[in-house]
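**Q** Have a look at this fold, sequence not included:
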């Protein structure tokens with residue numbers, strides 16, 4: 001899975017947001033603000049990654065137990081999947 005190339009991660013006034021570009025603009029009205037973990041996962045997903053790769057990288061970067069990391073990754077993927085920003 002990877003992020004849809006029709007969405008970009010931008011830093012605006014110290015915050016990171018995901019914004020749509022091209023034809024997606026017709027169906028998506030707004031932007032999503034990402035926290036530090038969301039930015040980390042988004043950047044990983046700029047290349048094709050598996051869930052297990054995301055899990056390993058998140059645990060390596062942050063001091064987080066596996067259960068919490070799995071829940072956080074799942075919630076993040078669900079959020080970007082809902083706006084069609086995830087290609088699977």
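**A** Okay, I see it. No experiment lies behind these values; they were computed from the predicted model shown.
**Q** Can you check the pLDDT for residue 59?
**A** On pLDDT, residue 59 comes in at 97.
**Q** Assign a three-state SS to the residue nearest to it when sequence neighbours are not counted, would you?
**A** The shortest distance from residue 59 to any non-neighbouring residue, by CB to CB, 6 or more residues apart in numbering, is to residue 69 (5.4 Å). In this view, the C-beta of every residue, glycine as well, is placed from N, C-alpha and C. Secondary structure assignment for residue 69 (DSSP: H, G, I helix; E, B strand; the rest coil): helix.
**Q** quick one: contacts for residue 69?
**A** 55, 58, 59, 62 (CB atoms under 8 Å, 6 or more residues apart in numbering).
**Q** which residue ranges form the helices in the chain?
**A** 36-44, 51-61, 66-82 (DSSP state H).
**Q** what's the most buried one of the ones you listed?
**A** Ranked by mean neighbour count, those are led by helix 36-44 with a mean of 17 (mean count of other CB atoms under 10 Å).
**Q** quick check, distance from it to the centre of its chain.
**A** Mean-position distance between helix 36-44 and its chain equals 6 Å (CA atoms, centre = their mean, to the nearest Å).
**Q** go on, stretch 39-55?
**A** On CA atoms, centre = their mean, the centre of stretch 39-55 falls 8 Å from that of its chain.
**Q** re the thing from before, output the contacts of residue 69 in a markdown table, with distance to residue 13 appended to each entry.
**A** Converted to a markdown table, these look like this (distance: CB to CB, whole Å):
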| residue | distance to residue 13 |
| --- | --- |
| 55 | 31 |
| 58 | 26 |
| 59 | 31 |
| 62 | 25 |
